[in-house]
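**Student:** missing the sequence, but the structure's below:
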């Protein structure tokens, strides 16, 4: 039985403020019902359990971020493809228009303004 047991001894230097404070916190938290040794074991078990839970949550968080990034990239590529397809459709319709040249020229001299602009000039002056 003694071969299967291990022990850890902790000494607190009561002259050192940090050691003294830690010992007093442990003793106060353990209370009078439990031994200080059992309390320290429970605290250590809880510390390592929580540390493992945090590590698991961090791994899950990183996996979720990776999945979201991949999905965003895939959706972004679909959007780029749709935009390029739209640009290609617009370019194709412009090219058809270029095949039929239409010439629109401004008149050299204009004697009077179109009726739509007369009201605008009255408003400005």
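**Tutor:** Looks like it arrived, so ask away. Treat the numbers as computed from the prediction; the structure is a model and nothing was measured.
**Student:** need the longest helix for the chain.
**Tutor:** Longest helix in the chain, counting residues (DSSP state H): helix 36-99.
**Student:** run through the neighbouring helices and strands of that one.
**Tutor:** helix 17-30 (3 or more Cβ pairs under 8 Å, 6 or more residues apart in numbering; DSSP states H and E). For the C-beta atoms, the positions are set from N, CA and C on the backbone; glycine is no exception.
**Student:** what are the buried residues along the helix it packs on?
**Tutor:** 23, 30 (16 or more other Cβ atoms under 10 Å).
**Student:** start the count at 58, not 1, going forward
**Tutor:** Okay, residue one is now 58; in that scheme the one you just asked about reads as helix 74-87.
**Student:** can you tell me what sits against that helix?
**Tutor:** Under the contact criterion Cβ atoms under 8 Å, 6 or more residues apart in numbering, helix 74-87 has outside partners 69-71, 93, 95-97, 100.
**Student:** redo that, cut-off 6 Å
**Tutor:** Contact with helix 74-87 is made by 69-71, 93, 96, as judged by Cβ atoms under 6 Å, 6 or more residues apart in numbering.
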